[in-house]
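**Student:** From the sequence below, what's the structure:
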Amino acid sequence: MMEHVRSWLMARKPETTEIGLDDDLIDTRVIDSLAFVEFVLFIEELLGHEIMITESNVAALRTLRGIHDHVLARTER
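**Tutor:** This next block holds a predicted model:
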């Protein structure tokens, strides 16, 4: 699933050649605040269920490592 996430992000910002696991996706302008909503919807589609949006989830969704550790890993177990 992580490769799908990375591919979606890279398609949104083709001039980006690398996204590090700890790069903040918003601060590095890989996505903006409006695209963040689309990004959450994309992840929900991958997971097949809605993500409960909390302050800690929003923070986790800002990096690839956070997405993996706090969102995707819970589904892969």
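
**Student:** Got the confidence number for Arg12?
**Tutor:** For Arg12, the pLDDT comes out at 88.

**Student:** After the helix or strand harbouring His4, which helix or strand is next? Please name it.
**Tutor:** Assigned by DSSP states H and E, His4 falls within helix 2-12. For helix 2-12, the following helix or strand on the C-terminal side (DSSP H and E) is helix 33-47.

**Student:** Just the buried positions in that following helix, please.
**Tutor:** Residues of helix 33-47 classed as buried by neighbour count (16 or more other C-beta atoms under 10 Å): 35, 39-40, 42-43, 46. C-beta: built from backbone N, CA, C; applies to glycine.

**Student:** now stretch 10-27
**Tutor:** Result for stretch 10-27 [16+ other C-beta under 10 Å]: buried residues 12-13, 19, 23, 25-26.

**Student:** could I get those as JSON lines with distance to Val58?
**Tutor:** Converted to JSON lines, the buried residues of stretch 10-27 look like this (distance: C-beta to C-beta, whole Å):
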{"residue": "Arg12", "distance to Val58": "18"}
{"residue": "Lys13", "distance to Val58": "20"}
{"residue": "Ile19", "distance to Val58": "18"}
{"residue": "Asp23", "distance to Val58": "16"}
{"residue": "Leu25", "distance to Val58": "11"}
{"residue": "Ile26", "distance to Val58": "10"}
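
**Student:** now, the most widely separated pair of the residues you listed?
**Tutor:** For the buried residues of stretch 10-27, the farthest-apart pair by C-beta to C-beta is Arg12 and Asp23; their separation is 13.9 Å.

**Student:** Now do the shared contacts for these two.
**Tutor:** Val30 (C-beta atoms under 8 Å, 6 or more residues apart in numbering).
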